[in-house]
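Colleague: 3D, please:
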Amino acid sequence: MTSLRTIRGFAFDLDGTIWAGPGLLPGAAELVADLREAGVPVVFATNSSRYGSPAIAAALARLGIPAEPREVVAAFDLTADEVLGLMGPVPVLALGTDDLAGSLARAGHTLLPPDRWGEARAVVVGNDPAFDYGRLRAASRAVAAGATFFAVNLDARFPVSDGFDPGCGALAEAVATAARVRPIVVGKPHPKLFEEAVARLGCPAGSAAMVGDSQASDIVGGRAAGMFTVWVAPGEDVPALVEPDLAVDDLVELRRLWLDAGASCAR
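Modeller: Take a look at the predicted model:
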């Protein structure tokens with residue numbers, strides 16, 4: 001039976017697990033440092049649709065967790081390749097940040113403005129700070145007309161220091177509702193991101209832990225991928241969508257349990 005003492009690699013969600021808003025959450029830096037010191041590989045598995053792995057690694061380093069881009073598995077980075085793999089280089093209408101548009105362009109796709117929605121072969125929806133009715137109309141019309149619809153993730157919101165902000169999923173659902181078409185989803189809980197995280201950890205899925213605060217994304221997806229799942233649920237009394245292998249209040253508690261498991265194993 002898999003337990004903390006047999007875990008050989010950890011994948012951590014970011015928003016609501018490692019950080020919230022502009023700062024790290026309690027225990028995050030200490031746990032990651034302890035794991036690395038013990039030779040346990042760590043990756044950060046995030047549904048980020050705004051920024052790619054280099055920017056995320058730099059943000060982690062600024063906050064006190066040194067990280068290399070290869071240690072960040074971001075839905076952002078997987079999206080352009082997902083479109084390319086399914087369709088080849090195509091004209092794309094993208095709702096998202098300039099970084100997302102740049103990622104799609106570097107993969108060989110042609111970026112279209114909203115007023116050329118009729119030329120789109122694919123529509124990609126990320127978290128778009130400039131989202132408005134005109135962009136919703138263009139994207140939903142393109143999808144309804146036959147463009148293949150991709151969503152970086154379906155997270156309806158993400159935690160920030162003073163509450164939450166609407167997520168990529170809120171925008172994608174608006175397009176889906178208007179177009180009456182469901183998207184192809186790249187990020188968690190769908191398998192691709194978990195498979196990539198496990199590959200980078202270099203251990204079997206059954207010996208890898210997925211640690212996150214979202215039942216719908218982290219726990220459901222991690223369990224389906226065959227990983228040991230750790231739900232970080234700070235004081236929440238929420239019925240589980242699927243039973244995690246372990247539930248903790250925060251990473252301080254997870255660090256204590258991991259250290260205790262190591263000490264027990266050493267005796």
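
Colleague: For the rest of this, base every contact and every neighbour count on C-alpha atoms.
Modeller: Noted.

Colleague: Now R121: closest residue in space that isn't a chain neighbour?
Modeller: On the basis of C-alpha to C-alpha, 6 or more residues apart in numbering, the spatially nearest residue to R121 that is not a chain neighbour turns out to be A147, at 4.5 Å.

Colleague: which regions of the protein lie under the pLDDT threshold?
Modeller: Applying pLDDT under 70 to the chain flags residues 1-2, 234-240, 263-267.

Colleague: care to break it down by domain?
Modeller: The chain breaks down into these structural domains: 4-47+188-266, 88-185 (assignment by automatic domain parsing).

Colleague: closest one to L63 among those?
Modeller: Closest of the domains of the chain to L63 is domain 4-47+188-266, at 6.7 Å (criterion: C-alpha to C-alpha).

Colleague: Please tell me how far the residue nearest the centre of the chain sits from L251.
Modeller: A centroid search over the chain (C-alpha atoms, centre = their mean) returns N47, at 1.9 Å, as the residue closest to the centre. In this structure, N47 and L251 are 20 Å apart, going by C-alpha to C-alpha, to the nearest Å.

Colleague: next one: R8
Modeller: When distance is defined by C-alpha to C-alpha, R8 is 18 Å away from L251.

Colleague: Which of these two has more residues huddled nearby?
Modeller: Relative neighbour count places L251 above the other of R8 and L251, with 23 against 20, counting by other C-alpha atoms under 10 Å.

Colleague: From what I see, the more buried one and A29 are in contact.
Modeller: No - using C-alpha atoms under 8 Å, L251 is not in contact with A29, being 9.2 Å away.

Colleague: Assign L31 to helix, strand or coil.
Modeller: In the three-state summary, L31 is assigned as helix, counting by DSSP: H, G, I helix; E, B strand; the rest coil.

Colleague: wouldn't it be in contact with E253 here?
Modeller: No - in terms of C-alpha under 8 Å, L31 does not count as a neighbour of E253; the distance is 9.8 Å.

Colleague: higher neighbour count, those two?
Modeller: More crowded of L31 and E253, by other C-alpha under 10 Å: L31, with 19 against 16.

Colleague: nearest residue to the more buried one other than its sequence neighbours?
Modeller: Nearest-residue entry for L31: R255, 5.4 Å, with adjacent residues in sequence omitted and distances by C-alpha to C-alpha, 6+ apart.

Colleague: Mind jotting down where the strands sit in the stretch 151-267 of the chain?
Modeller: 157-160, 163-166, 184-185, 208-212, 228-232, 246-248 (DSSP state E, counting those that start in this stretch).

Colleague: need those strands in CSV with mean neighbour count and distance to G202, can you?
Modeller: Output for the strands of the stretch 151-267 of the chain, formatted as CSV (neighbours: other C-alpha atoms under 10 Å; distance: least, C-alpha to C-alpha, whole Å):
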stretch, mean neighbour count, distance to G202
strand 157-160, 16, 29
strand 163-166, 13, 34
strand 184-185, 20, 25
strand 208-212, 28, 9
strand 228-232, 25, 15
strand 246-248, 17, 22
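
Colleague: so which of those strands gets nearest R200?
Modeller: Between R200 and these, the shortest gap by C-alpha to C-alpha is with strand 208-212, which sits at 10.7 Å.

Colleague: Pull up the pairing partners for that closest one, direction included.
Modeller: Pairing partners of strand 208-212, with direction, according to DSSP bridges: strand 9-12 (parallel), strand 228-232 (parallel).
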